[in-house]
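Student: sequence first, predicted coordinates after that:
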Protein chains: 2
Amino acid sequence: MKTDFAASQLEALGKPTRLEIFRTLIRAGNEGLPVGALQERLDIAPSTLSHHLKTLLISGLITQERQATTLICRANYQSMQELIDYLMAECCIEGKGITEPGCSSSRC
Amino acid sequence: MKTDFAASQLEALGKPTRLEIFRTLIRAGNEGLPVGALQERLDIAPSTLSHHLKTLLISGLITQERQATTLICRANYQSMQELIDYLMAECCIEGKGITEPGCSSSRC
DNA sequence: ATTATAATTCGATAATTCCAGAAATACAGT
DNA sequence: ACTGTATTTCTGGAATTATCGAATTATAAT
């Protein structure tokens, strides 16, 4: 994974509003949620929500599927997992081989 | 973990420059790296690096320890792990109980 | 005290980002 | 075609952020 790509995903999650949107979708599971339902739950202006969803969509962290007039949004679990893996991927690679306290990477 | 706190950590990691700094420290392990070593490796202006380190420090993702004139920087593995846990904590909690493809949370 | 090294703060500029209201678009039903 | 609902795009002002050079602070050695 390229640094810029990972950073764009982290940045997408780096605002409370967008993080709440994402976590709401994470909670929703594979059923997902329509944009309108998100808008009601989180009480964000529709245009603002749309922008945030676009940011999350472009970053690959969510997907959208059209069902007639409503757009179902879903968290992209795979993308999320890849991001987490990236963060820890080379954990302690330069260390002296001793166990790194607090590091829960499989490497350490 | 509060949303705002998690978002501030994600935001700290959400710029390529800071993400590289952090991953360099993740690779370095518990030995850590002096600010100067980071500056050489990543070729960032000292003042810019200092600002980014401050951001990471405030967010709790790194720690610093003074050794005479040099400042040793270390990734905070525990803080990192808590952040990752937070992202997945309530994964699929509203789902119908069916396995969520792509979701690797222990819950699913 | 003086010097040297390490790192931060200051100040300034350019660029980015957030947010919401208004208008526009997409789609389904009548 | 018309209407209603859902969502996006356009626009722009306000606020934040990134970046760097220059000056400053902190610490240790002589």
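Tutor: Received it, and whenever you're ready, just let me know what you need. Numbering: from 1, shown residues only, chains lettered A, B, ... in the order given.

Student: strands along chain A, start to end?
Tutor: A:33-34, A:62-67, A:70-75 (DSSP state E).

Student: among the ones you listed, which comes closest to DNA strand C?
Tutor: Of all the strands of chain A, it is strand A:62-67 that lies closest to DNA strand C, at 6.3 Å by Cβ to the nearest atom of the strand. Bear in mind the C-beta positions are built from the backbone N, C-alpha and C, glycine included.

Student: still on that earlier bit, for the strands of chain A, give me JSON lines that also has mean neighbour count.
Tutor: Below are the strands of chain A laid out as JSON lines (neighbours: other Cβ atoms under 10 Å in any protein chain shown):
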{"stretch": "strand A:33-34", "mean neighbour count": "19"}
{"stretch": "strand A:62-67", "mean neighbour count": "14"}
{"stretch": "strand A:70-75", "mean neighbour count": "20"}
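
Student: can you list these in CSV and add mean pLDDT and distance to DNA strand D?
Tutor: As requested, those are exported to CSV (pLDDT from 0 to 100; distance: least, Cβ to the nearest atom of the strand, whole Å):
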stretch, mean pLDDT, distance to DNA strand D
strand A:33-34, 94, 4
strand A:62-67, 92, 6
strand A:70-75, 93, 4
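
Student: lowest-pLDDT helix or strand in chain A?
Tutor: helix A:77-88 (a mean of 90; mean pLDDT, DSSP states H and E).

Student: now do the buried residues in that one.
Tutor: Neighbour counts over helix A:77-88 (16 or more other Cβ atoms under 10 Å in any protein chain shown) mark A:77, A:79, A:80, A:82, A:83, A:84, A:86, A:87, A:88 as buried.

Student: rewinding a little: dump the strands of chain A into TSV; add distance to chain B as well.
Tutor: Listed next are the strands of chain A as TSV, based on distance: least, Cβ to the nearest Cβ, whole Å:
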stretch	distance to chain B
strand A:33-34	9
strand A:62-67	11
strand A:70-75	8
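
Student: so where's chain A shaky on pLDDT?
Tutor: Filtered on pLDDT under 70, chain A yields the residue ranges A:1, A:95-108.

Student: understood, closing this out.
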